[in-house]
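Chemist: okay, structure incoming, though there's no sequence with it:
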């Protein structure tokens, strides 16, 4: 009986054959791979989570296809155990090498939890945040941290023209940053929340609700204000060298949303 290695040698490798259409592909690979992940926390200790992973390579025009199984082989080569953010650049480089590609991409999206006390009563609850790590390996390496946080925004115009009250809404603020130095997820969350009218919380008692409502009323912001204030916060953080930021307000009295985005590469200044 032939061994598995001998069978592999005799079976045709269709993906490795040539293609006559003369069309290169920017990204080809696998998506929605679910895998355990472990992250160090700013205050000490680790947090375990489950990441959804996408892995791609650039395919040259002369190749018919890529070898999809090799992406999973590389991911599992560290012992089928939870990986950490520090492993991502090495995994991305190995994907590039194993698939003989000019460029490789790795994306890991997950939910990150932060224990957050209510502002008055101190009631503790877990806030969840959307986080993605993106890495590209070609001649060099590019690593991006993307974090999105919910917050509260209160309309300055509504406050100005109304005899009492003002309309407010939930907003989603996101930043994708490149860094020089250690930037914790918690650091970026604080920047995002600091640009809003006020943060939101997992648990609020009545004294907390009164506090949050009044603080937001005292700090009205258009979506333009949020994005400009966030830009200032990131400009003042020397660890952040480039950013793409956005804010979307889920309007409470309109049928549409308000949106703003801004990009800056501080290395070009």
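Modeler: That came in fine, so what should we check first? For clarity, every value in this text was computed on a predicted model and none was experimentally measured. Numbers count the residues shown, from 1 in each chain.
Chemist: going forward, measure contacts between C-alpha atoms and count neighbours the same way
Modeler: OK.
Chemist: need the three-state assignment for residue 43.
Modeler: coil (DSSP: H, G, I helix; E, B strand; the rest coil).
Chemist: show me what contacts it?
Modeler: Shown in contact with residue 43 (C-alpha atoms under 8 Å, 6 or more residues apart in numbering): no residues.
Chemist: repeat for the one 4 residues further on
Modeler: By C-alpha under 8 Å, 6+ apart, the contact list for residue 47 reads 38, 39, 40, 41.
Chemist: state the pLDDT value of it.
Modeler: Residue 47 carries a pLDDT score of 96 in this model.
Chemist: what's the distance between it and residue 38?
Modeler: Residue 47 sits 6 Å away from residue 38 when distances are taken as C-alpha to C-alpha, to the nearest Å.
Chemist: swap in residue 92?
Modeler: Residue 92 is 17 Å from residue 38, by C-alpha to C-alpha.
Chemist: go on, residue 256?
Modeler: Residue 256 sits 38 Å away from residue 38, going by C-alpha to C-alpha.
Chemist: neighbour count winner among the two?
Modeler: Neighbours were counted for residue 256 and for residue 38 using other C-alpha atoms under 10 Å; residue 38 has more, 16 against 10.
Chemist: quick one: contacts for the more buried one?
Modeler: Residue 38 makes contacts with 46, 47, 48, 49, 82, 83, 84, 85, as judged by C-alpha under 8 Å, 6+ apart.
Chemist: from those residues, list just the buried residues.
Modeler: By neighbour count, with 16 or more other C-alpha atoms under 10 Å, the contacts of residue 38 hold 48, 82, 83 as buried.
Chemist: now residue 186: which helix or strand?
Modeler: Take DSSP states H and E as the rule and residue 186 turns out to sit in helix 185-194.
Chemist: name the residues that touch that helix?
Modeler: Under the contact criterion C-alpha under 8 Å, 6+ apart, helix 185-194 has outside partners 42, 114, 147-151, 173-175, 199, 230, 233-234.
Chemist: what of stretch 132-141?
Modeler: Stretch 132-141 has contacts (C-alpha under 8 Å, 6+ apart) with 85, 88-89, 92-93, 96, 102-110, 142-147.
Chemist: ok, back up a step: tell me which of the buried ones among the contacts of residue 38 is nearest to residue 251?
Modeler: Using C-alpha to C-alpha, the shortest approach to residue 251 within these belongs to residue 48, at 34.5 Å.
Chemist: buried subset of the contacts of residue 47, written for ChimeraX?
Modeler: Command for ChimeraX that selects the buried part of the contacts of residue 47, burial taken from 16+ other C-alpha under 10 Å:
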select :38,39
